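>>> could you look at this predicted model? Sequence included:
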Amino acid sequence: MSAMRMVFLSFSALILIGMYLTGFQTAHWFLYIPAAAAAFAGITGICPGYRVFNALGFKGQMPGKSI
């Protein structure tokens, strides 16, 4: 498993732990979207946010170049 996938999975887990600690009934439904997207990206290796921004015309980072 790559480091980026672990970042997505840990990010998703932290959001879900935060929602668990505050209560799933009090968490707004909008908080489930980034948690689900990060879990999807961590499991499949396909980042939905990257795909959306790429389709909107933003350029991806070239390998080997810094941000």
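On my side now, so go ahead.
>>> report pLDDT for M4.
Turning to M4, the model gives it a pLDDT of 83.
>>> cool, Q25 as well?
Per-residue confidence (pLDDT) for Q25: 87.
>>> contact partners for it?
By Cβ atoms under 8 Å, 6 or more residues apart in numbering, the contact set of Q25 is empty. All C-beta atoms are positioned from the backbone trio N, CA, C, and that covers glycine.
>>> ok, F11 - how many residues close by?
F11 has 17 neighbours, counted by other Cβ atoms under 10 Å.
>>> could you find the closest non-adjacent residue to it?
On the basis of Cβ to Cβ, 6 or more residues apart in numbering, the spatially nearest residue to F11 that is not a chain neighbour turns out to be A38, at 4.8 Å.
>>> thinking the one you found is in contact with M6, fair?
No: counting by Cβ atoms under 8 Å, M6 is not a contact partner of A38; they are 11.1 Å apart.
>>> the two: which is more packed in?
For A38 against M6, the residue with the higher neighbour count under other Cβ under 10 Å is A38, and the figures read 23 against 11.
>>> quick one: contacts of stretch 11-21?
Stretch 11-21 has contacts (Cβ under 8 Å, 6+ apart) with 27, 31-32, 34-36, 38-39, 42.
>>> wait, which of those residues is closest to F53?
Each of these was checked against F53 using Cβ to Cβ; the closest is P34, at 14.2 Å.
>>> per-residue confidence at that closest one?
Among the per-residue scores, P34 shows a pLDDT of 90.
>>> what's near enough to touch it?
Counted by Cβ under 8 Å, 6+ apart, P34 has contacts 11-12, 15.
>>> no more questions from me, cheers.
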